[in-house]
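Student: Build me a structure from this.
(one chain, ligands or ions: 2)
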Amino acid sequence: MNGRLFDDSELAPGARVLRGFALDYAIDVDAVAAESPFRHMVAKNGFPMSVAMTNCGPLGWVSDRTGYRYESRDPLSGKPWPAMPAEFARLARDAAASAGYASFAPDACLINRYEPGAKMGLHQDRDEHDFGQPIVSVSLGLPAAFVFGGAKRSDKTVRVELEHDDVVVFGGPSRLCYHGVLTLADGVHPQLGRRRLNLTFRRAGPAVP
Ligand code: MD6
Ligand code: FE
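Tutor: Numbering: from 1, shown residues only. Ligands and ions are numbered 1, 2, ... in the order given. Below is the predicted model of the structure:
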């Protein structure tokens, strides 16, 4: 035991860090990556991102020179994204419920892979249909510094270390807050090696009737 388990903390109104919440869930990203491999997507500025990405579930987040959007097919293969494993969806739903968001049913899971030196600049997640739905973010592997700000890019940020099995849920008043990840420091994680994985679960499309 690491003494941090279920030491919940509120980052901002509507945003919670659930320490160690993913511990009891079997999250196997390799099975997804075997079907839709990690790739460095090109950002709107034309440069490849330092974070490699893949997706599972009915919708996947994609980026290219024309912008950011959700697609039902992997542009590399033309085939649908791999199915979202039931255990992934269960973790996302349970974490959302524990943070006060009942019946979260994600239709997209973006998987980010950071190697030492990779980072993610301050951004808002605003490509989803309904900002009334939260985002559930699961961190695995090497620790990273997550920065969380306000509704404006220039708002002051708070910094929180996210470690293996930590889950962040953010929605409600913080759904459109700027956030990012500082440059990943080198290290070796006992289970995952020299990398950090982050899974973000979203309700990207309209709710099914
Ligand atoms: C990351 N996370 O932790 C990047 N977005 O690697 C995100 O960009 C993110 O953690 C929306 C909601 C939660 C997140
Ligand atoms: Fe984000």
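
Student: Now do the same for S50: its pLDDT.
Tutor: The model reports S50 with a pLDDT of 98.

Student: And what about N112, helix, strand or coil?
Tutor: strand (DSSP: H, G, I helix; E, B strand; the rest coil).

Student: The closest residue to it other than its chain neighbours: which element?
Tutor: What sits nearest to N112 in space, not counting adjacent residues and going by Cβ to Cβ, 6 or more residues apart in numbering, is N198, at 4.3 Å. Glycine gets a C-beta too; all of them are placed from N, C-alpha and C. Taking DSSP states H and E as the criterion, N198 maps to strand 196-202.

Student: How about D94?
Tutor: Using DSSP H and E, D94 falls in helix 86-98.

Student: Can you list the buried residues in that helix?
Tutor: Residues of helix 86-98 classed as buried by neighbour count (16 or more other Cβ atoms under 10 Å): 88-89, 91-96.

Student: For it, which helices and strands make contact with it?
Tutor: Secondary-structure packing of helix 86-98 (3 or more Cβ pairs under 8 Å, 6 or more residues apart in numbering; DSSP states H and E): strand 135-141, strand 167-170, strand 196-202.

Student: Make JSON lines from the ones you listed and add distance to R113 and mean pLDDT to it.
Tutor: Output for these, formatted as JSON lines (distance: least, Cβ to Cβ, whole Å; pLDDT from 0 to 100):
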{"stretch": "strand 135-141", "distance to R113": "9", "mean pLDDT": "98"}
{"stretch": "strand 167-170", "distance to R113": "17", "mean pLDDT": "96"}
{"stretch": "strand 196-202", "distance to R113": "6", "mean pLDDT": "98"}
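
Student: Export those as CSV, with columns for mean neighbour count and distance to S63.
Tutor: CSV is the format used below for the helices and strands packed on helix 86-98 (neighbours: other Cβ atoms under 10 Å; distance: least, Cβ to Cβ, whole Å):
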stretch, mean neighbour count, distance to S63
strand 135-141, 26, 17
strand 167-170, 27, 21
strand 196-202, 24, 14
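
Student: Dump those strands to CSV, plus distance to L18.
Tutor: Output for the helices and strands packed on helix 86-98, formatted as CSV (distance: least, Cβ to Cβ, whole Å):
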stretch, distance to L18
strand 135-141, 9
strand 167-170, 4
strand 196-202, 13
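
Student: re the thing from before, how about the helix holding D94 and ligand 1, touching?
Tutor: No - figure legend: helix 86-98 not in contact with ligand 1 (Cβ under 6 Å from any ligand atom); closest approach 11.4 Å.

Student: Show which residues not belonging to that helix make contact with it.
Tutor: 18, 21-22, 25-28, 56, 102-106, 109, 134, 136, 138, 167, 169, 171, 199, 201 (Cβ atoms under 8 Å, 6 or more residues apart in numbering).

Student: on that earlier part again, distance to ligand 1 added to the helices and strands packed on helix 86-98, as JSON lines?
Tutor: As requested, these are exported to JSON lines (distance: least, Cβ to the nearest ligand atom, whole Å):
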{"stretch": "strand 135-141", "distance to ligand 1": "3"}
{"stretch": "strand 167-170", "distance to ligand 1": "5"}
{"stretch": "strand 196-202", "distance to ligand 1": "3"}
